[in-house]
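[1] have a look; sequence and predicted model below, questions after that.
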Amino acid sequence: MTRFIAWRILQLPLILAVVYLITFALVWLAPGSPYGNNDRALSEAAKNDLKVRFHAESWEKFLTYYPWQIVAHGDFGPSLSYEGWSVNDVLRSSLPVSISLGLLSILIALVFGCAAGVTAALHRGGILDFLSLAAALIGISLPPFVVAGMLIVIFSDGLHWLPSGGWGEFRHMILPGVALALMPMAYIARLTRVSMLDTLGHDFVRTARAKGLPKRTVVWKHAFRTAFLPVFTYLGPATAYAMTGSFVVETVFNIPGLGQHFVNGVKNRDQTLILGTVLVYAAFLLVLNLFVDIGYALIDPRIEINARPE
Amino acid sequence: MIRLLSIPVILAGLVAAAVFWSHDSGDSQRADFAFVNRGDNKCLDPNGMSWMQDIRIAYALWEGLYTPDPVTWKPVLGTADRATVDSTRTVWTIHIRPDARWSNSDPVKAGDFIFAWRRFLETPGEYTALHFYIRGARQYSADFADYFAARQKGDTKRAAPDFGSVGEKALDDQTIEVTLNDPVPFFPALLAFPPYFPMNEASMQPFKEKDGLHYNQKFTRPPYLVTNGPYRLAEWSFKRRLRMVASDYYWNRASVKSRVIDQIYAEDGTAAFRTYERGDVDWLAELDSDLAAQILAHGKRSDLHIFPAFGTYFYSLNCLPTLSDGRHNPLSDVRVRRALAMSIDREPIVKNVGRLGQPISFTYVPPHVFEGYVSPAGLPYDVARARRLLAEAGYPDGKGFPHLPILYNSEGLHGDIAQIIRRQWLDNLGIQMDLQGVEVKIFGEMQHTQQFAVSRASWYGDYADPSTFTDKYKSDSDDNEAKWNSPEYDRLCALAAKETDPQKRLDLLSRAEGILLNDAPIIPLYTYVNSYMFRDQVKGLPLLANAMLMFQPVHVIRSDDGKSSQ
Amino acid sequence: MKGELQSGRIRFGGGILLLLLGTCIVTLPWTLGSSSNFYYDRQHTDSPLLAPRMDTVWMWFGTSKLGQSLMGQCLLGGVISLTIGLAAAAISVVLGVSVGILAGYRGGWLDSLLMRIVDVLYALPYILLVILFKIALESPLGKILRSSAAANLVVLFLSIGLVSWLTMARVIRGQVLSLRTLPFIEAARAAGVPQHRIFLRHLLPNLIGPITVYATLTVPQAILQESLLSFLGIGIQKPLPTWGSLASDGLGLALAPVASCWWLLVFPCTLLGVTLLALNFVGDGLRDAFDPKAEASHI
C-alpha cells in the first residue's frame, strides 16, 4: 500500500508537467492575442512592450521563464488580462469561494443522488423508479444555464426565499450549490441505482433477508454499503469538478469563483491565468483520486488497493 | 454503516469550515454611492489604460492639468491654476496650483506630469499616439524602442536617446512648458484625458522591475496607489468590490459630495439588474440592452435613462484589391461599395434588434454633438440606384458576385444585425453572403489584419473634437481597418490640423467626412445609445454622450432608514 | 419480467425520440424552403417577438426578435442538434473504441502509453479543451473548406467528439482485457486464426453491447455541450439554429425580471429536455438489458 501511494505521488509532477505543456501548446497556438481591448488596433510598439514585460516574446522565452518560477517560487506570474493582479492573487481570491461552494454541492449531490438511486432500485420498473430517475436526470437533460436561470426565477424572483446572487453568507450559497450539484447528482443516482440492483441480487442480501432481518436494515446496512463503492470512486472527479467551479453557475449567480477563469482566461487569451487554473484543477483531480483510492481500501478492507478496476 | 455516514458528516463539517474561510472580511457598510460599472476593471495604470470602465475610475482617482466640467464635460482648469498659449498656438505654459496634493499629502509637481508623459513614450500604451501631438515625441518613442531592444540583447554601449529633444519640460516644480507640432485646439481636452494624468514616481519606485523600465502593476492596488484626484483607492477586491474614499488632500475637497463610493462587480446583465433592483447599488452604468428594451416596451420606468452616445455602429468594407485568401475583391470598386451602402434599410435594425430608439445614421461622426460641425449628407437608402450601380460594376442582379463572409464577433446584437443585413443584400441586390461570427479576440485580429470582406465595426470618440473620429480613416492610421486610402481626405485632415480658426477647421473636417461617406469604405448604421438606471434620489449624475462622469457632485438623497427607497 | 420492463423503458424513450425526430425530418421541406413561413431565415420584419398564437400555424411557438417563426427554427434546430449529437458521438465512438481495443488487445507499452494519455486528458478541464479545439481548428478548416459555415459545423462535431472519447476508451479496454483471457479467444488464437478474424468474429460482437450503451449516452452529452458552446458565443453559426443556441439566445429575454418572452426559452428547452431525457432513458435501459452487472464507475 505504501509503495502504491509513493508510486502515485511520484507520478504526480510528471502528469502535471505534461498537462502544463499540452495546455501551453494549445493556448499559444490559438489565434488572437492577449493584448489590447479589441476595439482599437494596438500599435506594434505597445504590443512589443507588453510582450517584453510579460516575458512572452517567444514560446522559448515563455517556457524558460514561467515553469521555473512555478517550481522555484510557486509563482504563476502576472495575469495578462487583469494587470495589477498576479495569477496567485486571482487563485487566492477565488479558490476559497469555489471550494466551499463545491463541497456544498457535492454534499447535496451525494445525499439526494443516493436517495434517488436507492429509491429507483427498490421500486425497479415501477412509477417511483421512473420518477426518481427522471428527477435526477433533469440535471443532465437541460443546459446548465437554463437550470440556473430557472432556479433564480422560481426561488428568488417568485418565492423570494433566497437571494439571486452575490456572495458572503450561507444563504447565498444554496441556489448555486444546487445548480452545481445537478450534474454529479444525476451520475450518482444512476450509479447507485445500477449497483444497488446488482447487489440486491447477491446471495448475502437474500440470506440476510431470509434470516428475517427487517428490509430497511438489509437495504441500508448490507446492500447499500456494497453498492456505494462505485459512487465512492466517482467522488474523486466529481469533487474536483465541483470545487473548481463552473463558468455558467458563477456567471448567472454573480459569484467570484474560479470556474469563470477557465472560460474568461481562454476568451482573453490570458496564457498565464489559464495555465495557473489548469494546473490547480489537474492537481486537485489527481490528489482527490489518490484520496479516493486510499479511502476505498479503508471503507472496504476486502478490496485490495491495486485491484481497482480501471 | 457508521463509516459510510461519516462521509456526509465530514463533508458537512468541511462546508461549514469553508464557508467561514471564504466569508468576506471586508467592511460591509453601505457606501454613500454604489454602482455597477460596465465590466470588470482590467488596468488602473493610466499608461496601459484603454477600457471604458477603467477610464471612469481614473477620472475619480486622478486629475489632469485641465479637468472636465462635471456638467458640460468642457475642459476647465484642474490641477493647473493658469495656462497660457503663445501666438502660434503651439507653445503652452502651464502653472500648477500650489495647493495641489497627492493622496499621501506630497505636493503635486511639474515633474510628476513629465514623468507620466515620458513613460508613455518609453513604455507605449494604447493611447501613446495622443502624445505625438507634442514636438519630437514620436521620434523619441521610436528611438527609445530601438535603444531598449538593443540593451535587452546585451548591447550596453548604445546611448539612450535624448529626452531633451521632446517638447515637454518642467521649467520649475510648478511650471510646465509644452511645445506642439501643430496648433491643437483641443489640447486642453487632451490634458483632461487620463493619458495626460500625472503619476507619483516615489510610490511606484518599490515596484520597478529588474529591466529598470517597467513597473510591476501591483502598484495600482491599495494601499500602494497614490493619486491626486478627488478620491483615493481604498479597496480593490478582485471581481467583488472596488471602494474609493474622498482624498483628504485634494485641493477642491468642498466639491466632493459622497465620501465613500463603491463599485460592485456584476458581469452578467441580468445579475447586475437584480443587484440594482435589490437596492444594493444606486446606478447601473450599462443596462443590458435586451432588458432595457423589455422595460421600454412595457411601460417606461422613470429610473431608466436612455440617451444618444458618443459612438457610431457601422459596417466596414475591405478596400484592398485582393482579399486575404487571394481572390479578387469586388469591394475595391467604389460602385459596389456604394451599392451595398444604399441597399440597407436601417429601420428594422433599430426597431427589432436595437430596440432602444437608437437614432439611425447616415453619417460617421455623430451629428449634433460638436457645436458648429455641419454633418455632410451620407448615401441615402435607395435600392433602385443601388441595383443600377451594381449592374454598372458588372454584377447585374448580383450575378457573378462571389460568396463573401460578413465578419462579426458573436456577442450581443451583432449576430442579429448581421442576419438582417445579409437578408437585405440578398433581397435587394441578389447578393448571397455568409455569416461569420467569431470569438471577439479572433474578430479583433482578423479585422486589424484585413482578413475580412465585410465586417461589423464601431467607434467611440475620446475627446470633444470631430478629429477623434476622422483620424481613424487617415491612410496611415493603425485603426483604418478598411485600408481605404484617399489622398484628398488625408490632405483635408492635415489642413484642419494646421488651421487656427475653429469654424474653418470644423468645415474642413466636415468636407473630409463627406468624402469618406461618398466613397463608402464604411456604412454607418446607427448612433449608439447609453442606458443608465438610477432613481430620482440620485443627484449630480450627468447624462453625457461619452458615458463618463465626475464623481464629486454625485450623491444620493437618502430617506431615514438609510436605504434608498424604491 | 425484468426484460419486459427494460424494453418498456427503451420503448418509451425510443418512441418519444422517433416521434420528435420524425416530425423534425418530415417538416424539413418547409423549414428549409425559402418561400415558406416556417423557413428558418424568413424574417417577418413587422411581427417581431410575438407571443404564441393558435390561429396561425407558423406562430404556434411565437416569433423571434427578427420575426422568424420559432416553430420553424425549433423543427430545423432539432435536426441539427441531433446531427451534431450523432456525429460527435460517432467520432468519439470510433476514437474511443479503437484506442480501447488497441490498448486492451496489444497490451504492454502501447497500453501504458495510451492509458497515460487518457489520464492526462482526463486531468484537463474539458470545457477548456472544447473551446480551444473550436478556436484553433476553425480558421484553418475554413480556409480548406472555403466556407465558414461548413467549417463551423465540422469543427463543432470534431471539438465535441475529440473530448468525449475518454470514458469509452477506458470501458472498452477493460472489456477487451477480460475478454482476452476467456477460453474461446485463447483457443482461437492457439488454433492460429488470423488476428483480424479474431477481431471481427470474436471480439467485436462481444463489444457491441457496451459500445451501443455508451454511444447512446454520449449523444445527449454532445447535444448539451453544443448548447454550452452557444452560451459562450462559439456555437453554431447563425442563421442556422440548434435547440441549444435557441435556448441560449432566448435566455436573456425569457428570464428577464420584466415582461418575460417565455416562449423563446420554453419551446426549445422542452424539446431539448424531452429528447435528452429520452436518450438517457434509452441508454440506461440498454445498459440494463445488455449487462446488468456492467461496471459503471465511469459513466
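    Everything's here; your move.

[2] quick one: pLDDT of whatever residue of the stretch 51-200 of chain A ends up closest to chain B?
    Shortest the stretch 51-200 of chain A-to-chain B distance, computed as C-beta to the nearest C-beta: residue-wise this is A:Ser100, at 3.2 Å. All C-beta atoms are positioned from the backbone trio N, CA, C, and that covers glycine. You'll see A:Ser100 listed with a pLDDT of 88.

[3] so how far is A:Thr64 from it?
    Here the criterion is C-beta to C-beta, to the nearest Å. By it, A:Ser100 lies 37 Å from A:Thr64.

[4] who has more neighbours, these two?
    When A:Ser100 and A:Thr64 are compared on other C-beta atoms under 10 Å in any protein chain shown, the one with more neighbours turns out to be A:Ser100, at 26 against 11.

[5] B:Lys109 touches B:Asp172, doesn't it?
    No - at 9.1 Å, B:Lys109 does not count as touching B:Asp172 under the criterion of C-beta atoms under 8 Å.

[6] higher neighbour count, those two?
    B:Lys109 (20 against 11).

[7] rewinding a little: C-terminal to the one helix or strand the residue of the stretch 51-200 of chain A closest to chain B maps to, what's the next element?
    For A:Ser100, the host element (DSSP states H and E) is helix A:87-122. For helix A:87-122, the succeeding helix or strand toward the C-terminus, using DSSP H and E, is helix A:127-137.

[8] report the buried residues of the helix holding A:Ser100.
    By neighbour count with 16 or more other C-beta atoms under 10 Å in any protein chain shown, helix A:87-122 contains the buried residues A:87-91, A:93-122.

[9] same question, stretch B:274-284
    For stretch B:274-284, by 16+ other C-beta under 10 Å, it's B:Arg274, B:Thr275, B:Tyr276, B:Glu277, B:Asp280, B:Val281, B:Asp282, B:Trp283, B:Leu284.

[10] restricting to C-alpha, output that stretch in PDB.
    Output in PDB follows, covering the C-alpha atoms of stretch B:274-284 (Å, rounded to 0.1, in the frame of the first residue of the first chain):
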ATOM      1  CA  ARG B 274     -31.100  42.300  -9.900                       C
ATOM      2  CA  THR B 275     -28.400  43.900  -7.800                       C
ATOM      3  CA  TYR B 276     -29.900  47.200  -8.700                       C
ATOM      4  CA  GLU B 277     -33.500  46.100  -8.000                       C
ATOM      5  CA  ARG B 278     -32.400  44.900  -4.600                       C
ATOM      6  CA  GLY B 279     -31.200  48.400  -3.900                       C
ATOM      7  CA  ASP B 280     -27.600  47.300  -3.400                       C
ATOM      8  CA  VAL B 281     -26.400  49.900  -6.000                       C
ATOM      9  CA  ASP B 282     -27.700  53.300  -6.900                       C
ATOM     10  CA  TRP B 283     -26.500  53.400 -10.500                       C
ATOM     11  CA  LEU B 284     -26.300  50.800 -13.300                       C
END
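
[11] quick check, it touching chain A?
    Yes - judged by C-beta under 8 Å from any C-beta of the partner chain, stretch B:274-284 comes into contact with chain A through B:Arg274, B:Thr275, B:Arg278, B:Asp280.

[12] what sits closest to A:Phe24 if chain neighbours are left out?
    For A:Phe24, ignoring the flanking residues on the chain, the nearest one in space by C-beta to C-beta, 6 or more residues apart in numbering or on different chains is A:Leu275 at 6.2 Å.

[13] tilt between the one helix or strand the one you found maps to and helix A:87-122?
    Under DSSP H and E, the secondary-structure element containing A:Leu275 is helix A:271-299. Calculated by axes from the mean of the first three to the mean of the last three C-alpha atoms, to 10 degrees, helix A:271-299 forms an angle of 40 degrees with helix A:87-122.

[14] so which elements touch helix A:271-299?
    Under the contact definition 3 or more C-beta pairs under 8 Å, 6 or more residues apart in numbering or on different chains; DSSP states H and E, helix A:271-299 sits against helix A:2-29, helix A:59-73, helix A:87-122, helix A:224-243, helix A:259-267, helix B:2-22.

[15] what distance separates the second one from the centre of its chain?
    In this case it means helix A:59-73. 27 Å (C-alpha atoms, centre = their mean, to the nearest Å).

[16] quick check: buried residues in it?
    Of the residues in helix A:59-73, those scored as buried under the neighbour-count criterion (16+ other C-beta under 10 Å) are A:Phe62, A:Tyr66, A:Ile70.

[17] quick check: the first one touching A:Gly77?
    No - A:Phe62 sits out of contact with A:Gly77 when judged by C-beta under 8 Å, with a separation of 9.5 Å.

[18] outside of the strand or helix carrying C:Val120, which residues touch it?
    In this assignment (DSSP H and E), C:Val120 forms part of helix C:108-122. Under the criterion C-beta atoms under 8 Å, 6 or more residues apart in numbering or on different chains, residues A:15, A:18-19, A:22, A:237, A:285, A:310, C:99, C:102-104, C:129, C:163, C:166, C:169-170, C:173 lie in contact with helix C:108-122.

[19] try stretch C:185-203
    Residues from elsewhere that reach stretch C:185-203, judged by C-beta under 8 Å, 6+ apart: C:Ile101, C:Tyr105, C:Val176, C:Leu179, C:Arg180, C:Phe184.

[20] from the middle of its chain, how far away would it be?
    On the basis of C-alpha atoms, centre = their mean, the separation between the geometric centre of stretch C:185-203 and that of its chain is 34 Å.

[21] which parts of the stretch 51-200 of chain C sit against chain A?
    Where proximity means C-beta under 8 Å from any C-beta, the interface of the stretch 51-200 of chain C facing chain A comprises C:115-116, C:119-120, C:122-125, C:127-129, C:131-133, C:135-136, C:139, C:170, C:173-174.

[22] filter those down to just the buried residues.
    Among these, the ones that count as buried by 16+ other C-beta under 10 Å are C:115, C:119-120, C:122-125, C:127-129, C:131-133, C:135-136, C:139, C:170, C:173-174.

[23] next, count neighbours for the residue in the stretch 101-250 of chain B that chain C sits nearest to.
    With C-beta to the nearest C-beta as the measure, B:Lys239 is the residue of the stretch 101-250 of chain B nearest to chain C, at 18.3 Å. B:Lys239 is flanked by 25 other residues according to other C-beta under 10 Å.

[24] that one and B:Asp40 touch, don't they?
    Yes - applying C-beta under 8 Å as the test, B:Lys239 and B:Asp40 come out as touching, 5.8 Å apart.

[25] what do the two both touch?
    By C-beta under 8 Å, 6+ apart, the residues touching both B:Lys239 and B:Asp40 are B:Tyr265, B:Glu267.

[26] mind checking the helices and strands packed on helix A:271-299 for the one nearest to B:Leu225?
    The stretch from the helices and strands packed on helix A:271-299 with the least distance to B:Leu225 (C-beta to C-beta) is helix A:87-122; that distance is 15.0 Å.
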